[in-house]
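Novice: model this:
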Amino acid sequence: LVLSFSLVMLIGVVANLGLWWIICRRGFAQSSRNWYILNLAISDVLTIVLCKPFVVVRIISKNWTFGVAWCKIVPLLQSTYVFVSTLSILALAVDRYKSIMYTAGKSNNRIRTCLIISGIWMVSVALSFPLLLAHEVKILQGLKNFDLYTICTEHWGYQILLTVYTVMVLLIQYLSPAVAIVTLHILICKSLKYRLDLHETCQQDVSRIRNKLLRHRKNVMLLTSMAISFSATWLPLTLLNILADTNHIIFQQTNFPLIHAVCLLISFSSVCINPVIYGWFNSNFRKDIRNI
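Specialist: Numbering: from 1, shown residues only. Predicted coordinates:
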């Protein structure tokens, strides 16, 4: 398992740094989409470097040796990066919608894009902040108050707080990207179909609208693939955490550490997938890969 984690982390760093290099090489001003893709890559690299090593150590050793500060900071950072990925996908969906629907105003406003990305990070930190408050270090004791080992765990005080936060995370991480992509897809298709019917006598307009439909189809496939892969890789760990929160007996199962480790490994793989998906759906990206 440790070898698998290390391999996934290595692939994730190489793939995302490669994505960084290609986007920077092509220039930021090309499109706001590149900024959001770069933001995803930055989030993935940071979570690999700053969070994943601590997770691997927790799997190898039950004992938490990094102190109270890191016990609070690591969950905060990891949750922040997950929210950044979700909100970046949402921003990408809205950006693609605007680029297709409002061609006349399709200027790459770098300041606006930077403000949106800054907002994504601030909102993500705010949404993750409860985890910093909830995590604490506990010393588990055996017979005669003998200290067994130290763990980093969550303590919410009231079950209702944990339930509310869990529901909020599920809604934002899983429901919001799906609703946004489906809604924007319907709006774009209805609008382009209306334009197609309106200008069906003008061959030039028809050709232009059909090209927009084709471009939109590619964008929907890209966004849907990113949203599905993100949700699929994090879903097993999320469901396991919900199950553990509602049924504490599961911690006593002998195979729980192995199941938890496998779910973590699946969630780790998310950092490797986005560069692959982006490269698959972007012809310029594939061309740059071949030229390396």
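Novice: okay, now the unreliable bits of this structure?
Specialist: For the chain, the stretches with pLDDT under 70 are 26-30, 103-108, 141-148, 192-216, 219, 248-254, 279-292.
Novice: hey, where'd the helices end up in the stretch 101-250 of the chain?
Specialist: For the stretch 101-250 of the chain, the helices defined by DSSP state H, counting those that start in this stretch cover 110-134, 159-170, 176-198, 203-246.
Novice: need those in a markdown table with mean neighbour count, can you?
Specialist: From N, CA and C alone the C-beta is placed, and that goes for glycine too. Formatted as a markdown table, these follow (neighbours: other C-beta atoms under 10 Å):
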| stretch | mean neighbour count |
| --- | --- |
| helix 110-134 | 16 |
| helix 159-170 | 14 |
| helix 176-198 | 15 |
| helix 203-246 | 16 |
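Novice: among the ones you listed, which comes closest to Lys72?
Specialist: With C-beta to C-beta as the criterion, Lys72 lies closest to helix 110-134 of the helices of the stretch 101-250 of the chain, at 4.7 Å.
Novice: and that closest one, what other elements does it pack with?
Specialist: On a contact count with 3 or more C-beta pairs under 8 Å, 6 or more residues apart in numbering; DSSP states H and E, helix 110-134 meets helix 32-50, helix 67-101, helix 159-170.
Novice: turn those into a markdown table, columns for distance to Thr113.
Specialist: Below are the helices and strands packed on helix 110-134 laid out as a markdown table (distance: least, C-beta to C-beta, whole Å):
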| stretch | distance to Thr113 |
| --- | --- |
| helix 32-50 | 4 |
| helix 67-101 | 8 |
| helix 159-170 | 26 |
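Novice: for those, which one sits closest to Pro275?
Specialist: Using C-beta to C-beta, the nearest of the helices and strands packed on helix 110-134 to Pro275 is helix 32-50, at 6.9 Å.
Novice: and the following helix or strand past the closest one, how far from the chain's centre?
Specialist: Downstream of helix 32-50, the first helix or strand assigned by DSSP states H and E is helix 52-60. Centroid displacement of helix 52-60 relative to its chain, using C-alpha atoms, centre = their mean, to the nearest Å, is 20 Å.
Novice: now tell me what touches helix 52-60 from outside.
Specialist: With C-beta atoms under 8 Å, 6 or more residues apart in numbering as the test, helix 52-60 has contacts from 1-2, 5-6, 9, 64-66, 70, 74, 78, 152, 257, 260-261, 264, 268.
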